[in-house]
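Colleague: coords please:
(chains A, B, C and D)
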There are 2 protein chains.
Amino acid sequence: MAQRSGPPGSPEAAPRRPTIRDVAEHAGVSKSLVSLAFRAPEQVGAERRERILTSADVRGFRPNRVARSLNGPGEDFVGILVADSRNPVFADVVDAARAVLQDAGRLALLTTATTPDPDGGAVADLAAVEMLGDLRPSGIIIVGSVPDMDVVASRVGTARLVVASAYPGSLRGVATVRGDDLEGMRSVVEHLVERGHRRIAHVGGEGGPVGAGRAEAFVAAMRERFLDETLLAPSDFTQEGGERAAERLLSGSRPPTAITATNDLAAIGVMRAVRRHGLADRVAVTGYDGTFLSHLGPIDLTSVDPGNARIGQEAARMLVGTAAPGEVLVPPTLSVRSSSAWSRSP
Amino acid sequence: MAQRSGPPGSPEAAPRRPTIRDVAEHAGVSKSLVSLAFRAPEQVGAERRERILTSADVRGFRPNRVARSLNGPGEDFVGILVADSRNPVFADVVDAARAVLQDAGRLALLTTATTPDPDGGAVADLAAVEMLGDLRPSGIIIVGSVPDMDVVASRVGTARLVVASAYPGSLRGVATVRGDDLEGMRSVVEHLVERGHRRIAHVGGEGGPVGAGRAEAFVAAMRERFLDETLLAPSDFTQEGGERAAERLLSGSRPPTAITATNDLAAIGVMRAVRRHGLADRVAVTGYDGTFLSHLGPIDLTSVDPGNARIGQEAARMLVGTAAPGEVLVPPTLSVRSSSAWSRSP
DNA sequence: TTGTAAGCGTTATCAG
DNA sequence: CTGATAACGCTTACAA
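Modeller: Below you'll find the model as predicted:
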């Protein structure tokens, strides 16, 4: 039964929420006994317990979790801080982490670590982080690249910290679980080389540490094969960014025969540009992240799955004690689809 | 500077977080003065203020927001409870709401109201809701259809409540802002009729109150035009659901010439089925929600934009006092794209 | 088994 | 302007 404060316009009869004291008084016992009746019912005599519990029920009492956490370590819970609530990659990581936490009987509180910027960006939401930290979680998982990660980390109180799907940045000695982007880029390049490609470009590098890291990984993977690694077109993670970058590549004097994108969304932008240039079956395109976008409707995009679920699981395991905290690289897997599955005619 | 508890393996030297008392002692003043120095620095003598603030800085003190909220109404903040963190519609609503709150100088805490079910669904996460409620927010915005909305509402304490992008369900007298789905369906049907369609089907109706509401709206809109409103194929909001439902419709004896879907994702599934049947330019498809999916890459889907940003703004305005709380229907707009823009040859 | 009293970290009140 | 003192709602020794 929802007992809102009545229809708008009713007098401000703020009905104070019942406290443990109200219940104690009504049931004719002490506060402590009420407290006990909720935390360890079996330690309270049947008759009084009954009286307390029904009395609490009648008055709509429920222990205040905040007041509880102010004392000892309260309820044992884990805070999950997500960098970007629109990113489907993080959603996969988070869901996997929650499943592990749930199995371990630990509850999770999921909040955003950033707030949208007036000019389209995102800035760390310190107030939110501090609130979560002050709730005394036993652990915190930061999912994704949060701006000013070190400042955020300094606000989470005494919680154990694990960073998932992001570089720890200037943080030192913090447990981290992320995809092995170098290995992922290697598998992409290898796949493309097998299909006869040599002039391979990369679209990305901007938008944060992960973008930069993937661009570096691309360069490294190309060098390992003695291929020209200089075909880089800067782009963020958006469709528009990918499209613009690809446009530049394809308008050049010697366009590439394959384009690797920094993520799936940018890759879809790349596909648009490729199609517009009438090169749909002549320029291979690959994405990254293995999100649902890679096989959405008519899209059929080769993509690297960084093992998002695995990343979330490992991060959570470090917090529940099933895994040792440390720096873990999760091996990626390549899903080849029609955007790059054909072999280039020589 | 992040001061984690050292490398894993170090002795459990739990460094208690400094409290207001530590600072007071160190600065040689009373707790109250330290408190005041943080809340209203101008009311404290310059010299002492300086001493207090630096002393706090040195010891890494920061007022505990939870302890603060335990007392009076603490910081004035608004909690945002999102039903489904994967739904891009909600992301748009939330961002718009946050912008309004930020302009009003009120901070927002965004958390999930559900937790993933073992079998793919989502259940209300009461623990999370209770924690948020016990933080004493001045207002709560519930975005999207949360299971057991009335139970959730009963847990948010004394906060003013606004429901956005969802039906209030069994909640009575609760402020609600949502899209006008009847009007939206009308505009879809009108558009299709103008293009020469008569046999129009609907894919949807499942997955929650919104799906059911849209199916009803479809039926009503068809009746208003004296068209056969019985072409309903049950589907949830997923691509697979939409595809299966469309498959059934197209395999029937008299397939429709146009299919309206309950959302964009299901519409994309419908498009797949349509294409597979070789009917790409003979069966029109429309979506709903105006998400980025409707114009992603090769997809070019006619879709109803429910005015998500507007919904978020209105909801927030009701909480900051710029708008009167009540039941608001935001007018939708139809974005016609190539999936239905052509006219049917008679 | 039950009650008393002392915290937890902060703010509010009310004297100086 | 400053500083005791009493809340806030609950937990937790420690007694009874």
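
Colleague: counting contacts, what elements does the helix or strand harbouring A:Val177 pack onto?
Modeller: Per DSSP states H and E, A:Val177 falls inside strand A:175-179. When contacts are defined as 3 or more CB pairs under 8 Å, 6 or more residues apart in numbering or on different chains; DSSP states H and E, strand A:175-179 sits against strand A:160-164, helix A:308-320, strand A:327-330. (C-beta placed from N, C-alpha, C; glycine too.)

Colleague: Tally up the residues packed near the residue nearest to A:Ala175 when sequence neighbours are not counted, please.
Modeller: Distances taken as CB to CB, 6 or more residues apart in numbering or on different chains place A:Pro325 nearest to A:Ala175, at 3.8 Å, with adjacent residues excluded. Neighbours of A:Pro325 under the rule other CB atoms under 10 Å in any protein chain shown: 22.

Colleague: just to revisit the earlier point, C-terminal to the strand holding A:Val177, which secondary structure element comes first?
Modeller: Note on strand A:175-179: by DSSP H and E, the next helix or strand toward the C-terminus is helix A:181-194.

Colleague: Tell me which of the helices and strands packed on strand A:175-179 lies nearest to A:Ser55.
Modeller: helix A:308-320 (36.3 Å; CB to CB).

Colleague: Any chance you could give me that closest one in CSV, C-alpha atoms only?
Modeller: As requested, the backbone C-alpha atoms of helix A:308-320 are provided in CSV (Å, rounded to 0.1, in the frame of the first residue of the first chain):
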residue,chain,number,x,y,z
ASN,A,308,32.5,-8.6,-21.1
ALA,A,309,30.6,-11.1,-19.0
ARG,A,310,33.9,-12.7,-17.9
ILE,A,311,35.3,-9.3,-17.0
GLY,A,312,32.3,-8.6,-14.8
GLN,A,313,32.5,-11.9,-13.2
GLU,A,314,36.2,-11.7,-12.4
ALA,A,315,35.8,-8.2,-10.9
ALA,A,316,33.0,-9.4,-8.6
ARG,A,317,34.9,-12.5,-7.6
MET,A,318,37.8,-10.4,-6.4
LEU,A,319,35.4,-8.7,-4.1
VAL,A,320,33.6,-11.8,-2.8
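
Colleague: list the buried ones in stretch A:37-57?
Modeller: By 16 or more other CB atoms under 10 Å in any protein chain shown, the buried positions in stretch A:37-57 come out as A:37-38, A:44, A:48-49, A:51-53, A:55-56.

Colleague: For chain B, state which of those residues is nearest.
Modeller: A:Phe38 (13.2 Å; CB to the nearest CB).

Colleague: what are the pairing partners of the strand holding A:Val177, and which direction each?
Modeller: strand A:160-164 (parallel), strand A:327-330 (parallel) (DSSP bridges).

Colleague: Select, out of those, the one closest to DNA strand D.
Modeller: Closest to DNA strand D of the strands paired with strand A:175-179 is strand A:160-164 (CB to the nearest atom of the strand; 19.5 Å).

Colleague: Run through who's touching that closest one.
Modeller: Taking CB atoms under 8 Å, 6 or more residues apart in numbering or on different chains as the criterion, the residues outside strand A:160-164 that touch it are A:93, A:97, A:138-144, A:149, A:153, A:171, A:174-178, A:311-312, A:314-315, A:318-319, A:325, B:4-5.

Colleague: chain center to it: distance?
Modeller: Mean-position distance between strand A:160-164 and its chain equals 12 Å (CA atoms, centre = their mean, to the nearest Å).

Colleague: hmm, back to that, surely the residue nearest to A:Ala175 is within a strand?
Modeller: No. Per DSSP: H, G, I helix; E, B strand; the rest coil, A:Pro325 lies outside any strand segment and is coil.
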